[in-house]
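Asker: based on what follows, work out the 3D shape:
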Amino acid sequence: MTTTTLAVLVPLLPFLGAVAGLLLGRTAPGFVRPLAVLPTLTALVLAALVAVRQGGDAAVDAATELTPTGSVPIELALHIDGFAALVAVLVGLVASCVQIYSTGYLRDDPRYPSYAALVSLFTSAMLLVVYSGDLMVLLVGWEVMGICSYFLVGHYWETPQARAASLKAFLVTKLGDVPFLIGLFALATDAGSFRVTRILGTVASGGLDHSTLIALLLLAGVAGKSAQFPLHTWLPDAMAGPTPVSALIHAATMVAAGVYFIARLLPVFEASQAAMVVMAVMAAVTMAGSALAALAQDDIKRVLAYSTIGQLGYMTGALAVADRGAAVFHLLSHGAFKALLFLAAGVIIHAAGTNSLAAMSRMRNLRDRIPDAYWTMTVALLALAAIPPFSGFFSKEAVLGVAEHVVTGHTEHAPAAAGWIVLVAGLVTAVLTAAYAMRLWLLAFRGRGTEAPDHGRQPLTMTVVLWVLAVPSLALGGFAFRVLPDWFDGRDLGPTLTTSVLGTGLAVAGGIVTYAAWRHTTAHAARVPLGAVAAHPGGDAARVEAEAIATHEPAYGDIAHAPDPADPGRLLLGPLHRHAAAGFHLDAVYTALFVRPVRAGASLVRFLDREVVETYVRGAGALPRWLGTAVRRSQTGNVQTYVSALLAGTVVLAVAVVLVATGA
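Answerer: Numbering: from 1, shown residues only. Below you'll find the predicted structure:
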């Protein structure tokens, strides 16, 4: 097969698997798991073959016109460069691991067939985004991911928290998609095409007339899809979905799509210095704010959710200093260790059996009960904290290193202000990342909560996947930074001495300070359990999680405010802890600025409709009704009355005629 044919099959196979899974889910349930796993695994193998054939050389381009439009054509186009080839492999790897893991995690879930089909469709949509060479076709995959996330986050639709989270995820991302769509049309109008290659050619020749406006409109859509400030609030609440869905969304699809989109069209953003500075500010606020919020969360999945937001901030920061190689390097590295973190968290949820969704303050003695999750999550947390030689160190240092190059004037592709913003925020976030990673490890595996009943060993499909993902989390960075430049733009991705020493030193300091705070709080905490943990009678991990969501009061995520005297986050954050635990009240701000005015406007419209418009409508109907009543009353059925009225009318007419004649 040609490379183009293989590339077409990569997104097509998961799509066909999704269709077949939906059709056979009820009639032939025995085929559901093979249809979930095999097409995705095959797509992974084909994506790897495409990457080998592409080899980091010239991009593979192919196109055919879908339909004549009379103006800007829409084409079914492929554009596979080194970035696309490697990101597709990441998507296939994570999606395959999620599908295999889910066969054990949701083994008794009655809605597993629809779940597996939606995961396959989600995977297909992301692969379409990665390989697409036409922005309109890319938009199709972009929007399909949005609707898939709506259904998957709301998988446990019986619970109000899952329903609210799915609706919030859909609406917030759509809020960004509106300016994003306008930006795509404006970009195509200036370039005369939706083709990526022609757009980049137009930018290179200086033919883009509205670069700042287009870049900012596109950036709004990216902020929604990739959960960047201020449109990031949907991602922590999306934890109401099954944990494997969280791994898929956070590691290789949905949120990665925005970063990948900017990387593919980076020259469009580079054409506007103002847009680059705005992107840098957005990345800086996202990085630091999400890291502070992660340090205050008690639910393990919400910690990881805010961690994802912060790591996406690093990627956006790399793009703000005009280095898409560093951004995609961190995207690849982060995809491996974040998928591992979420899937290990699923094992913890099963083992802990907590009434809340894996509240870390209620965990105890999990290290010996789940050794696979303990060791693999330790590897992933070290990668997250950017401790050498784990993969996160090399990819994060690539981001900090390119920011340093901008600051020192070694590159002129980005404004110096953007370099300073990204560098300072990245170093501050390095401290906070190590702090919340250490806190998560201590509370999850050395916590002092009430010991939950042992539910036995986890399914083999769950534990094997953890070790598969541990390999790239440990070894990808040291290998990749030497190889990836040949696949990307040829820029050096190796760590620089200054940022390596600063970043690693700050990360180690953050971990040590957090450990010291934990020792201090533990020594002074009461030697009693924080609260009884209800015994769960057993069952699969997904059912434990579903019941956790259903019994969570008063709302999903409020467990972050539960008092825990042994929580080092409270000591480190002090009075800031309450605000950080609530996400700095950004949802409350949105409620005050947008929700309440919209509701007030709706109330005003309802009042006007009922009291003004309907009054006129009722009045228009009242007059004929009154006339009809008068006429009805005159119809007595008495012939004498009719004759008398006729004579009276005749007399009146006669008198009127005489008067008129006399007057004439």
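
Asker: what are the boundaries of the helices in the stretch 151-300 of the chain?
Answerer: 160-191, 196-204, 211-225, 234-237, 243-251, 255-264, 266-270, 273-294, 300-320 (DSSP state H, counting those that start in this stretch).

Asker: could you dump those to a markdown table with distance to residue 409?
Answerer: For every residue, glycine as well, the C-beta is placed using N, CA and C. Formatted as a markdown table, the entries for the helices of the stretch 151-300 of the chain read as follows, by distance: least, Cβ to Cβ, whole Å:
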| stretch | distance to residue 409 |
| --- | --- |
| helix 160-191 | 31 |
| helix 196-204 | 24 |
| helix 211-225 | 24 |
| helix 234-237 | 36 |
| helix 243-251 | 36 |
| helix 255-264 | 24 |
| helix 266-270 | 17 |
| helix 273-294 | 15 |
| helix 300-320 | 17 |
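
Asker: compare those and give me the one nearest residue 606.
Answerer: Each of the helices of the stretch 151-300 of the chain was scored for nearness to residue 606 using Cβ to Cβ, and the closest is helix 160-191 (21.2 Å).

Asker: could you point out which element follows the worst-scoring helix or strand of the chain on mean pLDDT?
Answerer: Scoring the helices and strands of the chain by mean pLDDT, DSSP states H and E places helix 541-551 at the bottom, with a mean of 53. Read in the C-terminal direction, the helix or strand following helix 541-551 is helix 568-573, with elements assigned using DSSP states H and E.

Asker: for that following helix, name the packing helices and strands.
Answerer: On a contact count with 3 or more Cβ pairs under 8 Å, 6 or more residues apart in numbering; DSSP states H and E, helix 568-573 meets helix 416-445, helix 497-524, helix 576-581.

Asker: now do the longest one, average pLDDT.
Answerer: Per-residue pLDDT over helix 416-445 has a mean of 95.

Asker: swap in the last one?
Answerer: Helix 576-581 shows a mean pLDDT of 92.

Asker: contacts for the following helix or strand past that helix, please.
Answerer: Later in the chain than helix 576-581, the nearest helix or strand by DSSP H and E is helix 586-590. Taking Cβ atoms under 8 Å, 6 or more residues apart in numbering as the criterion, the residues outside helix 586-590 that touch it are 230, 233, 582.

Asker: what would the residues you listed look like in JSON lines with distance to residue 7 and neighbour count?
Answerer: Shown next, in JSON lines, are the contacts of helix 586-590 (distance: Cβ to Cβ, whole Å; neighbours: other Cβ atoms under 10 Å):
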{"residue": "230", "distance to residue 7": "36", "neighbour count": "15"}
{"residue": "233", "distance to residue 7": "36", "neighbour count": "19"}
{"residue": "582", "distance to residue 7": "45", "neighbour count": "17"}
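
Asker: how about those residues in a markdown table, adding distance to residue 208?
Answerer: Formatted as a markdown table, those follow (distance: Cβ to Cβ, whole Å):
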| residue | distance to residue 208 |
| --- | --- |
| 230 | 27 |
| 233 | 32 |
| 582 | 41 |
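
Asker: just give me the closest of these to residue 297.
Answerer: Distances from residue 297 to the contacts of helix 586-590, taken as Cβ to Cβ, are shortest for residue 582 (10.1 Å).

Asker: relative to residue 441, how far out is the closest one?
Answerer: Per Cβ to Cβ, to the nearest Å, residue 582 is found 24 Å from residue 441.

Asker: just residue 336 next, same as before
Answerer: Noted for residue 336: a distance of 18 Å to residue 441, by Cβ to Cβ.

Asker: over to residue 523?
Answerer: In this structure, residue 523 and residue 441 are separated by 19 Å, where distance is defined by Cβ to Cβ.

Asker: now do residue 280
Answerer: 31 Å.

Asker: out of the two, which sits in the more crowded spot?
Answerer: Neighbours around residue 280 and residue 441, counted as other Cβ atoms under 10 Å, are more numerous at residue 280. The numbers are 27 against 22.

Asker: my read is that that one contacts residue 417, right?
Answerer: Yes - taking contacts as Cβ atoms under 8 Å, residue 280 lies within contact range of residue 417: 7.2 Å.

Asker: ok, and the closest non-adjacent residue to residue 252?
Answerer: If the residues on either side of it in the chain are set aside, residue 252 comes closest to residue 94, at 3.8 Å by Cβ to Cβ, 6 or more residues apart in numbering.

Asker: local confidence estimate at that neighbour?
Answerer: The model's pLDDT for residue 94 equals 96.

Asker: same thing with the one 5 residues further on?
Answerer: Model confidence at residue 99, expressed as pLDDT, equals 96.

Asker: next, count neighbours for it.
Answerer: Burial of residue 99 is recorded as 27 neighbouring residues (other Cβ under 10 Å).

Asker: list the residues that contact it.
Answerer: 36-37, 40-41, 116, 119-120.

Asker: PyMOL command to pick out the buried ones of those?
Answerer: Listed next is the PyMOL selection for buried residues among these, using 16 or more other Cβ atoms under 10 Å:
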select buried, resi 36+37+40+41+116+119+120
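
Asker: show me which of the contacts of residue 99 is closest to residue 596.
Answerer: Closest approach to residue 596 among the contacts of residue 99 (Cβ to Cβ): residue 119, at 37.0 Å.

Asker: doesn't residue 95 make contact with that closest one?
Answerer: Yes - taking contact to mean Cβ under 8 Å, the distance of 7.0 Å between residue 119 and residue 95 places them in contact.

Asker: what is in contact with those two at once?
Answerer: When contacts are counted by Cβ under 8 Å, 6+ apart, the set common to residue 119 and residue 95 consists of residue 248.

Asker: residues contacting the nearest residue to residue 226 once chain neighbours are set aside?
Answerer: Of all residues not flanking residue 226 in the chain, residue 258 sits nearest, at 3.0 Å (Cβ to Cβ, 6+ apart). Residues near residue 258 by Cβ under 8 Å, 6+ apart: 221-226, 228, 312.

Asker: how about JSON lines for these, with distance to residue 632 added?
Answerer: Formatted as JSON lines, the contacts of residue 258 follow (distance: Cβ to Cβ, whole Å):
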{"residue": "221", "distance to residue 632": "64"}
{"residue": "222", "distance to residue 632": "69"}
{"residue": "223", "distance to residue 632": "66"}
{"residue": "224", "distance to residue 632": "62"}
{"residue": "225", "distance to residue 632": "65"}
{"residue": "226", "distance to residue 632": "70"}
{"residue": "228", "distance to residue 632": "70"}
{"residue": "312", "distance to residue 632": "74"}
